[in-house]
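1. One predicted model, sequence on top.
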2 protein chains.
Amino acid sequence: MKKIFILIFFNLLFADSMIKPIPEKIKYDRQKAKLGMYLFTDPRLSKDKKISCMSCHKPSEGWADKRKVSIGVFGRKGRVNSPTVLNAVFNFRQFWNGRAQDLKEQVFGPLHSNFEMDMDKKEVEKTVNTIGVYKKLFKKIYHTDYITADMIADAIAEFEKSLITPDCKFDLYLKGKAKLTPLEMKGKILFKSYGCITCHNGVNIGGNSFQKMGLIISYKNCIDDRYEITHNPADRCVYKVPTLRNIALTAPYFHDGSAETLKEAIKKMGYYNLGIELKSDEINAIEAFLKTFTGKQPDLGKFR
Amino acid sequence: MKKIFILIFFNLLFADSMIKPIPEKIKYDRQKAKLGMYLFTDPRLSKDKKISCMSCHKPSEGWADKRKVSIGVFGRKGRVNSPTVLNAVFNFRQFWNGRAQDLKEQVFGPLHSNFEMDMDKKEVEKTVNTIGVYKKLFKKIYHTDYITADMIADAIAEFEKSLITPDCKFDLYLKGKAKLTPLEMKGKILFKSYGCITCHNGVNIGGNSFQKMGLIISYKNCIDDRYEITHNPADRCVYKVPTLRNIALTAPYFHDGSAETLKEAIKKMGYYNLGIELKSDEINAIEAFLKTFTGKQPDLGKFR
């Protein structure tokens, strides 16, 4: 009985409105975004000329990567699971450990990383400046004869900005345009009652704060955490809370890709971060609720 | 003793020269090939705008696909394992069941297939004709105002033609420019003695004949075989012999992707097609020999 009252209390405490719908449209420069798409798909931007941004951010895998960790140039294994680019524009920082302030700064991460594309700014500039199509497009759009790394990042970031997924079922529900099923409704209540919403809220249902992975039960595999940047012991195992938007499309889960299914991820989050053992019917309900976060996927066909 | 004599006999019967080195260079139209590369990497050519040719022919996976079968538009599962595009120009036919005569004809296979890109010729033409960059490039290269499906296939085929891998260790050995290790040498002798070379020979060490999968012990999973084209009962479970060039890079193996490792593939080929049970030291030696078929990988950086 006591548990039920606590659940009701928290359910009332956290309003649905703690989650905000994403905008239906976003302003971006179409020409720059299209150019950015070309750069995003181009393996020539990597050291071994085999890896493009799209190699690890696949449209057909929720713009993330089904592999536990991605494989970069020369078959080098990455350290963390590729996060989705979808709605990344709404994250308050970029990367699992939030080391980039925005999309533009983020671009240089995978480009520079030894495990990913392994190109320094000069190499990227040199490469792009020798490609005829880019010379023309940058000339037209950036009015320049010399393409800088900054312009390259700007175009890619502009493309990524366009990758938003509006009108997911829950956004429509928030706007009074859709109804949730009883199972989804139950999931929503549990999501609030158990406190998932404490971290997964806002416009991106996450992506707006840093939190400890293993808040209650400590988590072992804390690679590439915020501590590696700040060297503050309090930042051990601290990560940017990932967005839950399109979460049904982006298995496997967590920074280490250790949860293979959404159900497993929900179970583990309950255990490590809430200190509770979720029952299978609760997991089913929460999963149904999380599936309402899958939005309308971006259509690259719009870039002509 | 008898076995040894048979092995020696066959080893002498099949000369090393049954395998031919691939040319170090190949003639192709650079401008068309570069344009073909853009088309090859472009997901807008698929129905859901998420799948490009490169989605299933990944430079980092030997221009093949590590997945057992590939996933096409709308998450649809393919039927067979994606073969490599590397050196495909040297195959006498294209596809596992050889239903295309050449690279150009092949292009329409994945483009049309429901399980892959799912676009008919008109849709492809319509899409490409609305993309500014392609309008300009085709105008320049094909001197046309209207881009036809035929031109699109021509450019992609020209790109694929450029994807050859010269100077593998065995080619250099054939030219007297490299020595094989004792293990590789043992593998070579077994490869000939056991008769692998009966089918895997010529310039592509395969790719030049149709053969039955399960010649001795019948094989069960005969999906998408030549019978589906010819309706000749003799063509059941018959496939184009795949090239062994770069075989170390293109796991998993067979039309159904059922062999996960090269060792497993060697063992199974011995069992199904030669009716012998290879010992593990023999498998190791043959594997070492097959690894000498990995050539110099194409560098997309050449397209500027």
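-> In hand now; what should we look at? Numbering: from 1, shown residues only, chains lettered A, B, ... in the order given.

2. how is chain A carved up into domains?
-> Following the assignment in automatic domain parsing, chain A carries domains at A:2-24+A:166-293, A:30-161.

3. The first one: how far from the chain's middle?
-> Relative to its chain's centre, domain A:2-24+A:166-293 lies at 13 Å (Cα atoms, centre = their mean, to the nearest Å).

4. what does the average pLDDT come to for it?
-> Averaging pLDDT along domain A:2-24+A:166-293 gives 95.

5. That one close to chain B?
-> No: with Cβ under 8 Å from any Cβ of the partner chain as the criterion, chain B is not reached by domain A:2-24+A:166-293; the gap is at least 9.5 Å. Bear in mind the C-beta positions are built from the backbone N, C-alpha and C, glycine included.

6. show me what contacts the single nearest residue of the stretch 151-300 of chain A relative to chain B?
-> Residue of the stretch 151-300 of chain A nearest chain B, by Cβ to the nearest Cβ: A:Leu300 (4.2 Å). Applying Cβ atoms under 8 Å, 6 or more residues apart in numbering or on different chains to A:Leu300 gives the contacts A:Met37, A:Pro59, B:Pro43, B:Arg44, B:Lys49, B:Lys50.

7. burial count for the closest residue to it other than its chain neighbours?
-> Distance criterion Cβ to Cβ, 6 or more residues apart in numbering or on different chains; nearest residue to A:Leu300, sequence neighbours excluded, is B:Lys49 at 4.2 Å. Residues contacting B:Lys49 under the criterion other Cβ atoms under 10 Å in any protein chain shown number 21.

8. Okay, buried residues for stretch A:214-230 please.
-> Under the neighbour-count criterion of 16 or more other Cβ atoms under 10 Å in any protein chain shown, stretch A:214-230 has A:Gly214, A:Leu215, A:Tyr219, A:Cys222, A:Asp224, A:Asp225, A:Arg226, A:Tyr227, A:Thr230 buried.

9. in chain A, which spans are strands?
-> A:210-212, A:238-240 (DSSP state E).

10. and the last one, which strands flank it?
-> Each strand pairing with strand A:238-240, determined using DSSP bridges, is listed with its direction: strand A:210-212 (antiparallel).

11. Could you pull out the buried residues of the strand it pairs with?
-> A:Phe210, A:Lys212.

12. ok, now stretch A:9-29?
-> Neighbour-count burial for stretch A:9-29 [16+ other Cβ under 10 Å]: A:Phe10, A:Asn11, A:Phe14, A:Ile19, A:Pro21, A:Ile22, A:Tyr28, A:Asp29.

13. looking at it, A:Asn201 is touching A:Asp16, isn't it?
-> No: assessed by Cβ atoms under 8 Å, A:Asn201 is found out of contact with A:Asp16, at 10.2 Å.

14. Between its first and last residues, how far does stretch A:260-273 reach?
-> 18 Å (Cα to Cα, to the nearest Å).

15. outside of that stretch, which residues touch it?
-> A:194, A:196, A:199, A:211-217, A:219, A:247-248, A:251-254, A:258-259, A:276-278, A:283-284, A:286-287, A:290-291.

16. for chain B, what are the nearby residues on the stretch 51-200 of chain A?
-> Residues of the stretch 51-200 of chain A found near chain B (Cβ under 8 Å from any Cβ) are A:51-52, A:54-55, A:58-60, A:71, A:73, A:75, A:127, A:130-133, A:137.

17. Give me the nearest residue to the residue nearest the centre of chain A, chain neighbours excluded.
-> For chain A, A:Thr84 is the residue whose C-alpha lies nearest the centre (Cα atoms, centre = their mean; 3.7 Å). Once flanking residues are discounted, A:Thr84 sits nearest to A:Ala64: 4.2 Å by Cβ to Cβ, 6+ apart.

18. distance of the one you found from B:Arg93?
-> 37 Å (Cβ to Cβ, to the nearest Å).

19. Compare the two and say which is more crowded by neighbours.
-> In this view A:Ala64 and B:Arg93 are compared by other Cβ under 10 Å, and A:Ala64 has more residues nearby, 25 against 19.

20. wait, what's in contact with the more buried one?
-> A:His57, A:Lys58, A:Asn81, A:Ser82, A:Pro83, A:Thr84, A:Val85, A:Leu249, A:Thr250.

21. what residues are up against A:Glu125?
-> Contacts of A:Glu125 (Cβ under 8 Å, 6+ apart): A:Tyr146, A:Ile147, A:Thr148, A:Ala149, A:Ile152.

22. before we move on, the earlier item: CSV please, covering the strands of chain A and showing distance to B:Ile164.
-> Shown next, in CSV, are these (distance: least, Cβ to Cβ, whole Å):
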stretch, distance to B:Ile164
strand A:210-212, 49
strand A:238-240, 44
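
23. nearest to A:Lys177, of the ones you listed?
-> strand A:238-240 (30.1 Å; Cβ to Cβ).

24. Buried residues, stretch A:125-143. List them.
-> A:Glu125, A:Thr127, A:Val128, A:Asn129, A:Ile131, A:Val133, A:Tyr134, A:Lys135, A:Leu137, A:Phe138, A:Ile141, A:Tyr142.

25. Let me see the contact set for A:Phe95.
-> A:Pro83, A:Gln106, A:Gly109, A:Lys240.

26. Show only the entries of these found in helices.
-> A:Gln106, A:Gly109 (DSSP state H).

27. rewinding a little: so which of the contacts of A:Ala64 is the closest to B:Asn97?
-> Closest to B:Asn97, out of all of those and judged by Cβ to Cβ, is A:Lys58, at 27.7 Å.
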